[in-house]
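Visitor: Okay, here's the prediction I keep looking at, along with the sequence it came from:
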Amino acid sequence: MPELQDYNIFEQRLSTYRTNHIHLYLDGIFDLDFNKMSLRDFASLVHEYVHYLQHFHTLYGLNLCSGFNSIFCVYRQYFEEHKEFHIPLEIKLNQKDEQFRKNHKNVFGDEECVNYNIDEVEVSSSSIDEARNNKSSVTIGVYDYTSDQAEENGFKFGYCCIIEGMAHLIQQLINPTVHHQEIKYLAVQHICNNYCKSEIATNTRLIISACVCSLMFDNPGVAFFDVLDYISQQKIIDGRDLFKSFITNHHIYYNNKRITIASAISVFLNRLEVSLTQAIGTSLDYYRKVLDNCEYYIKNERNPIIDMVYEFDLENRYFLNEIFDICGYPTIEDNNTQYPPLKQNGKPYIECAALLGKELLIKRIEAQNTTECPMYKTICIKKRYTEDDPTSIECQCEQWKRKEQHCLMSAAFHYYNLENHTIIQD
């Protein structure tokens with residue numbers, strides 16, 4: 001299951017956004033009064049929040065969320081039909097879900113380029129054509145001046161590099177001192193420096209908008225070059241103009257019909273609502289409003305990521321409150337506690353609790369090298385919530401048998417009707 005990261009190698013900080021669980025983890029300290037956060041933590045929060053926005057406001061993101069929800073629905077059906085099962089759980093998927101997972105892997109691309117220090121890249125038109133024909137990520141050549149090496153097959157440029165490069169560029173607008181070393185954060189800028197005229201490559205907000213537009217297609221790595229070509233041909237200098245043009249003038253094929261990107265987003269939003277509801281077994285309350293506001297954005301030919309960099313003063317941190325109010329936010333977890341969206345009575349929405357439970361459940365039943373609850377070492381044995389919060393032998397092996405003082409993990413087994421199943425740990 002995909003996690004998108006903000007990893008700082010020098011500070012050993014790793015923040016993540018957990019796509020199909022709508023869960024953001026900040027390796028730092030979160031505060032709803034953003035001015036109380038360090039610049040480093042706030043910029044990292046925005047980085048991860050951009051991933052959240054992308055999953056609700058681009059076609060690739062919407063399809064990704066729906067696809068992984070569909071896979072969990074297969075799990076739920078298996079649980080209903082089998083009162084006894086072994087873990088780690090391995091289930092054969094249907095052809096559609098297996099093809100979805102294969103396609104995502106093919107266009108995901110590389111996260112690292114471990115063999116070279118990348119000083120410059122080279123883009124080959126033949127590599128773009130090959131990736132287009134093979135429905136795969138794009139092979140990028142690299143130059144390593146430190147080692148005096150050139151490699152034609154340096155790394156694969158795809159979805160990962162685009163989403164991380166976009167988030168990194170926005171993070172740098174807020175915190176110019178931030179440094180990432182891995183190629184997934186730097187590939188977008190390297191490629192633009194090689195592939196585009198300087199007036200395009202140095203137009204950071206336009207490049208961010210190009211990333212958003214490339215995420216409207218099923219092969220973002222290839223689409224990114226198509227978008228750059230379109231920018232050059234149409235002499236576009238403003239990302240807002242680029243987005244409006246793309247969603248109305250460009251089309252995709254869906255169910256053998258040719259529809260505009262704007263129309264497709266509405267269809268994919270409906271798919272996400274259905275798949276999310278089926279996966280967690282409850283109707284949406286909070287995220288129903290979020291999806292309604294996604295419709296509002298696309299009907300007004302706007303995108304919140306592009307709005308963020310063009311319409312807001314990023315030095316005034318309260319811009320994020322305005323976006324939270326419209327686009328909502330995931331459950332945010334920092335090094336101290338969790339902050340799910342809350343109802344007026346101060347209690348979390350059922351769907352947010354169900355999503356957290358689903359995440360814990362999947363991690364536990366798919367785990368290959370541990371039998372511990374995912375929260376055992378990070379939360380429970382630290383007594384993070386109460387001084388007398390006990391742990392038990394079940395926390396380390398058979399969490400579904402925990403009957404006294406229900407925790408989030410045992411509550412997840414109960415919610416998904418697994419507490420009375422016979423579960424065998426292999």
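Guide: Yep, that arrived. Numbers count the residues shown, from 1 in each chain.

Visitor: ok, residue 176 - how many residues close by?
Guide: Other residues within reach of residue 176, judged by other CB atoms under 10 Å, total 9. In short, each C-beta sits where N, CA and C put it, glycine included.

Visitor: Equivalent analysis for residue 207, please.
Guide: By other CB under 10 Å, the residues close to residue 207 number 24.

Visitor: same question, residue 223
Guide: Residues lying near residue 223 (other CB under 10 Å) number 23.

Visitor: Who are the packing partners of the helix or strand that contains it?
Guide: According to DSSP states H and E, residue 223 maps onto helix 220-234. Counting contacts by 3 or more CB pairs under 8 Å, 6 or more residues apart in numbering; DSSP states H and E, helix 220-234 packs against helix 125-134, strand 138-144, strand 149-157, helix 159-174, helix 183-195, helix 198-201, helix 204-214, helix 239-249.

Visitor: residues of that helix that come out buried?
Guide: Neighbour counts over helix 220-234 (16 or more other CB atoms under 10 Å) mark 220-228, 230-231 as buried.

Visitor: Same question for stretch 370-380.
Guide: By 16+ other CB under 10 Å, the buried positions in stretch 370-380 come out as 373-376, 379-380.

Visitor: circling back to that earlier point, could you give the average pLDDT over the helix holding residue 223?
Guide: Mean per-residue pLDDT for helix 220-234: 97.

Visitor: Doesn't residue 332 lie inside a strand?
Guide: Yes - counting by DSSP: H, G, I helix; E, B strand; the rest coil, residue 332 is located in a strand.

Visitor: I'd like the average pLDDT over the helix or strand hosting residue 63.
Guide: Secondary structure assignment for residue 63, by DSSP H and E: helix 59-81. For helix 59-81, the mean pLDDT works out to 95.

Visitor: And that helix, what does it pack against?
Guide: In terms of contacts (3+ CB pairs under 8 Å, 6+ apart), helix 59-81 is packed against helix 39-57, helix 95-108, helix 261-280, helix 350-366.

Visitor: Give me the residues contacting the third one.
Guide: When you say that, I think you mean helix 261-280. Contacts to helix 261-280, defined as CB atoms under 8 Å, 6 or more residues apart in numbering, come from residues 56-57, 59, 62-63, 65-66, 69-70, 72-73, 76, 216, 246-248, 250-252, 254, 259, 283-284, 287-288, 291, 294-295, 298-299, 301, 351, 354-355, 358.

Visitor: Specify the next element, helix or strand, located C-terminal of it.
Guide: Next helix or strand after helix 261-280 toward the C-terminus (DSSP H and E): helix 286-299.

Visitor: How far off centre is that following helix?
Guide: 18 Å (CA atoms, centre = their mean, to the nearest Å).

Visitor: which parts of that helix are buried?
Guide: By 16+ other CB under 10 Å, the buried positions in helix 286-299 come out as 286-287, 290-291, 294, 297-298.

Visitor: Then stretch 32-50?
Guide: Buried residues in stretch 32-50, counted by 16+ other CB under 10 Å: 34, 37, 40-50.

Visitor: For residue 408, state which of those is nearest.
Guide: Using CB to CB, the shortest approach to residue 408 within these belongs to residue 48, at 21.1 Å.

Visitor: There's contact between the closest one and residue 15 in this structure, I believe.
Guide: Yes - between residue 48 and residue 15 there is a contact under CB atoms under 8 Å: 5.4 Å.

Visitor: and the angle from the helix holding residue 63 to helix 159-174?
Guide: If you take axes from the mean of the first three to the mean of the last three CA atoms, to 10 degrees, helix 59-81 sits at 120 degrees to helix 159-174.

Visitor: Just the buried subset of the contacts of helix 261-280, please.
Guide: Among these, those scoring as buried are 56-57, 59, 62-63, 65-66, 69-70, 72-73, 76, 216, 246-247, 250, 284, 287, 291, 294, 298, 351, 354-355, 358 (criterion: 16+ other CB under 10 Å).

Visitor: Identify the farthest-apart pair in the buried residues of helix 220-234.
Guide: Maximum pairwise distance in the buried residues of helix 220-234, criterion CB to CB, is 16.6 Å, between 221 and 231.

Visitor: returning to that earlier point: CSV for the buried residues of stretch 370-380, including distance to residue 266?
Guide: Shown next, in CSV, are those (distance: CB to CB, whole Å):
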residue, distance to residue 266
373, 40
374, 36
375, 38
376, 43
379, 39
380, 43
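
Visitor: Could you check how far the closest residue to residue 193 other than its chain neighbours is from residue 240?
Guide: Counting by CB to CB, 6 or more residues apart in numbering, residue 193 lies nearest to residue 201, which is 5.0 Å off, once chain neighbours are set aside. Remark: distance between residue 201 and residue 240 (CB to CB, to the nearest Å) = 19 Å.

Visitor: now do residue 421
Guide: Applying CB to CB to residue 421 and residue 240 gives a distance of 52 Å.

Visitor: Then residue 378?
Guide: Noted for residue 378: a distance of 41 Å to residue 240, by CB to CB.

Visitor: and residue 24, what element?
Guide: strand 23-25.

Visitor: Then residue 118?
Guide: Short version, using DSSP H and E: residue 118 is in no helix or strand.
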